[in-house]
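Visitor: please find the sequence and the predicted model below.
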Amino acid sequence: MKKNPGCLQCPLCHAAGYKVYKKCGMARPVGKGEKRLWDMLDHKQGLAWSLQDRIEGWKGGVDACVHLGCARRLCIQVDGVTHKKKCMSTRKNQPCIDARFDQSALAADYNVLRVDEDHSQGSWLAALDQALAACSSSGGCAQVFRSVG
């Protein structure tokens, strides 16, 4: 994990410029879901990941981004209660924002994992393992993965 969250360079490709920490350093989680995600990623061996990175074509941050080499990334978003409301036509509607984020990420060739805050840790781990396996295989289009309750 990077000392300075929000930097756009991959810690695998630019390892000399990064000081990697096991814990989150100065970053603070937005909620319990993000803290839970960070703890899960800390316990997965061999993952290079960062906080609040950006994807091309999207102005907001990504909760966590797993770097699988310079060209392959898995964006992970924690979906809390506001992500479950019915999609309406307003710009402030979270499900619509999530759908636009997913489209932007896929267009930029980023894979996306959405984990539901209400799902179990086992569900999150299974979804992460599935996403990592699919992302690590050669070829294939970027896709969206979801935890299952």
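Guide: Arrived safely, thanks for sending. Residues are numbered from 1 along each chain as shown.
Visitor: could you report the separation of residue 107 from residue 57?
Guide: Using C-beta to C-beta, to the nearest Å, residue 107 is found at 6 Å from residue 57. From N, CA and C alone the C-beta is placed, and that goes for glycine too.
Visitor: mind listing the helices for the protein?
Guide: Using DSSP state H, the helices of the chain run over residues 32-43, 94-107, 121-136.
Visitor: isn't residue 146 up against residue 119?
Guide: No: using C-beta atoms under 8 Å, residue 146 is not in contact with residue 119, being 9.2 Å away.
Visitor: and residue 100, how far is that from residue 35?
Guide: Residue 100 is 26 Å from residue 35, by C-beta to C-beta.
Visitor: low-confidence stretches in the protein?
Guide: Applying pLDDT under 70 to the chain flags residues 1-30, 70-71, 81-92, 138.
Visitor: strands of that one, start to end?
Guide: 48-53, 62-67, 73-79, 111-116, 144-146 (DSSP state E).
Visitor: what would those strands look like in CSV with distance to residue 125 and mean neighbour count?
Guide: Output for those, formatted as CSV (distance: least, C-beta to C-beta, whole Å; neighbours: other C-beta atoms under 10 Å):
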stretch, distance to residue 125, mean neighbour count
strand 48-53, 15, 22
strand 62-67, 13, 22
strand 73-79, 12, 24
strand 111-116, 10, 23
strand 144-146, 12, 18
